[in-house]
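Participant: Mind looking at a prediction? Sequence and model below.
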Amino acid sequence: MAVLEARGLGKTYRRGPRPVRALDRVDLDIERGRLFAFLGRNGAGKTTFIKIAATLLLPSEGELRLFGHDVVREPSTVRREMALVPQEGKLFYHMTPREHVREYLRVRGASAETTKSRTDAILDEMGLLPYQNTIALRLSGGLQQRTLVAMVLATEAPFLFLDEPTLGMDPFARRQVWEVIRKVTGRGSTVLLTTHYLDEAEQLSEELAVIEGGHILYHGTGEALKSTVGREVRVQFAGSIRPELLTSFGKVFAERGRTVVLTTRSAVPELTEIALARGTEVTVGPVALEEAFLELVGRGIEEEE
Amino acid sequence: MSVRSQAYAAIRICYFNGIIPLWRSPLLIAAVFLTPFSFLFFLFVIAPHALFPYGVVGGILFTTLFTGSGMLNDCAYLRLERQLQQVFVASPVTPLAYILGMALSELAFSIPAMTLFLVILFLVQPIGAAAGVALVGVLLLTWLMATSLGFFISTLFSQLREIWPVGTLVFSTLSVLPPIFYPATEIPADWRWVAYLAPSTFAAQLADHFAGLGGAITTSIPLLNGPWFDVVGLVGFTLLFGVAALYFARWREP
């Protein structure tokens, strides 16, 4: 059963000298208990979609229903069901992680007992116990972000919007957050997550959508998206190799001074021979979601950023 | 959320946005004291001593109006710089609970200074219990009026840099230029009507009245003389700004 239903959702910003179309007739359904990832470049429309769904922004046209309620006409009803980690959100500088989690739960109406048990649990799960009584001003950026995510995940709200929740976190902290997100969805919450970390989307999401220029280009599973690349292996040469030597094996491109070939498993021995003949290091791995994403979106995301 | 849980949410917001920072940074209290006490000291040195009680009442009102300036800056900062208002919008917390909680937290910053000014007032201008209660009522209305205005203005801007000059302009105009620290009769007769453009004039005349000080504007129209006119003016502006904060503020971006 879909708990989020968007139909013909559109948004045009009219702040600057010319209107900017951020979302264009988007249709999307998200099923209950799903971990859904929204992928797209900066300015693709991910945050605009989340802002409309989280009742922070009015759409220009179309409809978005959360748990059957229209987010424009019934905001107070849908707000009871949601919690949000905003993009680049920051903490109250004078409060500790424990106070953030506790006060946010209390403000939302959680009882003292629930607040106590959830606060203890989330601080532990997010690795925040050693810093629980340190004021935010003295925490690193990654710990502040972890606290923000902790206060929102502790709500166990039926629908959680996480707009780039692991921004600025180290790989260990990201994995800790992933675990907690999985637990929360295991308890029945639905999660809509945006991220620029494609490994994060690959690890976490059961379903994803790629958005570009306000349009949804792809909606399905990560595995299905990867299969659209048509190759199963990524062979990366440490140095630069003339592309004409490799084009017969598959798709060739340069990435940060390295040559990459997307190819089939059977071509790996021959490509390894080429590398050895030139004294170049070679690494082989499965095609990642990143390749599929870049293929789909069509341009290099790194150059754009 | 029920009315009870909304009231509770407002108190919690006051606790973590007002009480905790005050407890951890007591210097914040000094920042609230500084400007009105400087004005009072200035008046004490250069003005006839008969005007000193006006300066004390002015100090109380200035500190109360300061909650509006604080509200404007805090709400804008939490929304634009820290993205924290969004965390409360996307939650069961109602706009009323959020606004009230923020307004209470601003009051928490001002209460120490207001209390000190009230003590000074009782020393220099003893007033009865009924007048004291009425004076507190005027201060509460002034707080509601100032914080509603502060919240409303804070929602109209999308850049923090645009808000700071506007806040300074609005709240300096409300708390320094009108007859807050001096009686309205000091304004040239032809220009006294201008004072009524500022809602704080009504608050100041009422506060002076309950403090037993004269100096209110009188006109040839009897209906416009006396405290009732000021009550209507202050309540009217409070309602106007309250409605603006609740119904016309951009709780949601257009």
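Facilitator: Looks like it arrived, so ask away.
Participant: Surely A:Gly285 is in contact with A:Glu232?
Facilitator: No - if you go by Cβ atoms under 8 Å, A:Gly285 and A:Glu232 don't touch, sitting 10.3 Å apart. In this view, the C-beta of every residue, glycine as well, is placed from N, C-alpha and C.
Participant: More neighbours: the two, which one.
Facilitator: Neighbour tally, A:Gly285 and A:Glu232, criterion other Cβ atoms under 10 Å in any protein chain shown: the higher count belongs to A:Glu232, 15 against 9.
Participant: I'd say the more buried one and A:Ala288 touch.
Facilitator: No - between A:Glu232 and A:Ala288 there is no contact under Cβ under 8 Å: 11.2 Å.
Participant: Could you identify the longest helix within chain A?
Facilitator: Longest helix in chain A, counting residues (DSSP state H): helix A:171-186.
Participant: Can you tell me which residues in the stretch 101-250 of chain B are near chain A?
Facilitator: Residues of the stretch 101-250 of chain B lying close to chain A by Cβ under 8 Å from any Cβ of the partner chain are B:Gly101, B:Ser158.
Participant: quick one, strands of the stretch 101-250 of chain B?
Facilitator: When assigned using DSSP state E, counting those that start in this stretch, the stretch 101-250 of chain B turns out to have no strands.
Participant: Quick check, the residue in it closest to chain A?
Facilitator: Residue nearest to chain A within the stretch 101-250 of chain B: B:Ser158 (7.5 Å; Cβ to the nearest Cβ).
Participant: Contacts only, for the closest residue to that residue other than its chain neighbours.
Facilitator: Residue nearest to B:Ser158 in three dimensions, not counting chain neighbours: B:Leu80, with 7.0 Å by Cβ to Cβ, 6 or more residues apart in numbering or on different chains. The contact partners of B:Leu80, taken as Cβ atoms under 8 Å, 6 or more residues apart in numbering or on different chains, are B:Phe157, B:Ser158, B:Gln159, B:Leu160, B:Ile163.
Participant: and the gap between B:Leu80 and chain A?
Facilitator: 11 Å (Cβ to the nearest Cβ, to the nearest Å).
Participant: and the contacts of B:Leu80 as a markdown table, adding neighbour count and pLDDT?
Facilitator: Converted to a markdown table, the contacts of B:Leu80 look like this (neighbours: other Cβ atoms under 10 Å in any protein chain shown; pLDDT from 0 to 100):
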| residue | neighbour count | pLDDT |
| --- | --- | --- |
| B:Phe157 | 18 | 87 |
| B:Ser158 | 13 | 85 |
| B:Gln159 | 9 | 88 |
| B:Leu160 | 14 | 88 |
| B:Ile163 | 21 | 88 |
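Participant: For the stretch 1-150 of chain A, what lies in contact range of chain B?
Facilitator: A:15, A:51, A:54-58, A:75-76, A:79-80, A:82-92, A:94-95, A:99, A:103-104, A:106-109, A:135.
Participant: swap the cut-off to 7 Å and go again
Facilitator: Counting by Cβ under 7 Å from any Cβ of the partner chain, the stretch 1-150 of chain A comes close to chain B at A:54-58, A:76, A:79-80, A:82-84, A:86, A:88-90, A:92, A:94-95, A:99, A:103, A:106-109.
Participant: Mark which of those residues are buried, thanks.
Facilitator: Buried residues within those, counting neighbours by 16 or more other Cβ atoms under 10 Å in any protein chain shown: A:54-57, A:79, A:82-84, A:86, A:89-90, A:92, A:94-95, A:99, A:103, A:106-109.
Participant: Just the closest residue of the stretch 151-254 of chain B to chain A, please.
Facilitator: Taking Cβ to the nearest Cβ, the stretch 151-254 of chain B has B:Glu253 as its residue nearest chain A, at 4.6 Å.
Participant: Next one: that residue from A:His215, what distance?
Facilitator: Using Cβ to Cβ, to the nearest Å, B:Glu253 is found at 22 Å from A:His215.
Participant: In the stretch 1-150 of chain A, where is pLDDT below threshold?
Facilitator: Along the stretch 1-150 of chain A, segments meeting pLDDT under 70 are nowhere present.
Participant: show me where the stretch 1-150 of chain A has helices.
Facilitator: Shown for the stretch 1-150 of chain A, the helices assigned by DSSP state H, counting those that start in this stretch span residues A:46-53, A:75-79, A:97-107, A:112-125, A:141-153.
Participant: do chain B as well
Facilitator: Remark: helices assigned in chain B by DSSP H are B:3-14, B:20-24, B:27-46, B:52-76, B:84-89, B:95-124, B:129-154, B:160-175, B:192-195, B:199-210, B:227-243.
Participant: which one of these lies closest to A:Ala292?
Facilitator: Of all the helices of chain B, helix B:84-89 sits nearest to A:Ala292, with 31.6 Å by Cβ to Cβ.
Participant: what mean pLDDT does the closest one have?
Facilitator: For helix B:84-89, mean pLDDT is 94.
Participant: List of residues touching the helix or strand hosting A:Ala209?
Facilitator: Element membership for A:Ala209 (DSSP states H and E) is strand A:207-212. Outside strand A:207-212, the residues that touch it by Cβ atoms under 7 Å, 6 or more residues apart in numbering or on different chains are A:28, A:34, A:36-41, A:44-46, A:201, A:216-222, A:293, A:296-297.
Participant: which intervals of the stretch 151-254 of chain B have sub-threshold pLDDT?
Facilitator: Where the stretch 151-254 of chain B drops to pLDDT under 70, the residues are B:215, B:217, B:220, B:222-224.
Participant: Filter the contacts of strand A:207-212 down to the buried ones.
Facilitator: A:28, A:34, A:36-41, A:44-46, A:201, A:216-219, A:222, A:293, A:297.
Participant: and B:Val231, what is it in contact with?
Facilitator: Going by Cβ under 7 Å, 6+ apart, B:Val231 touches B:Leu206.
Participant: repeat that for 10 Å
Facilitator: Shown in contact with B:Val231 (Cβ atoms under 10 Å, 6 or more residues apart in numbering or on different chains): B:Ala134, B:Gly137, B:Val138, B:Leu141, B:Phe202, B:Gln205, B:Leu206, B:His209.
Participant: mind listing which of the residues of the stretch 1-150 of chain A next to chain B are in strands?
Facilitator: If you go by DSSP state E, the residues of the stretch 1-150 of chain A next to chain B have A:Met82, A:Ala83, A:Leu84 in strands.
Participant: for these, which one is nearest B:Ala244?
Facilitator: Among these, A:Leu84 lies closest to B:Ala244 (Cβ to Cβ), at 25.9 Å.
Participant: Next, work out how far apart the closest one and B:Tyr182 are.
Facilitator: Using Cβ to Cβ, A:Leu84 is found at 49 Å from B:Tyr182.
Participant: Same question for B:Thr219.
Facilitator: 19 Å.
Participant: okay, these two: which has more neighbours?
Facilitator: Neighbour count, other Cβ under 10 Å: between B:Thr219 and B:Tyr182, B:Tyr182 has more, with 17 against 12.
Participant: measure the spatially closest residue to the more buried one that is not a sequence neighbour to chain A for me?
Facilitator: Leaving aside its sequence neighbours, B:Tyr182 sits nearest to B:Tyr54 (Cβ to Cβ, 6+ apart; 5.7 Å). According to Cβ to the nearest Cβ, B:Tyr54 and chain A sit 36 Å apart.
Participant: burial of B:Ile11, as a residue count?
Facilitator: By other Cβ under 10 Å, neighbour count at B:Ile11 equals 17.
Participant: sorry, that was for B:Leu123
Facilitator: Neighbours around B:Leu123, by other Cβ under 10 Å: 9.
Participant: Spell out which parts of the stretch 151-300 of chain A neighbour chain B.
Facilitator: Selection of the stretch 151-300 of chain A residues close to chain B by Cβ under 10 Å from any Cβ of the partner chain yields A:Met151, A:Val152, A:Thr155, A:Ala157, A:Phe159, A:Leu160, A:Phe161, A:Asp163.
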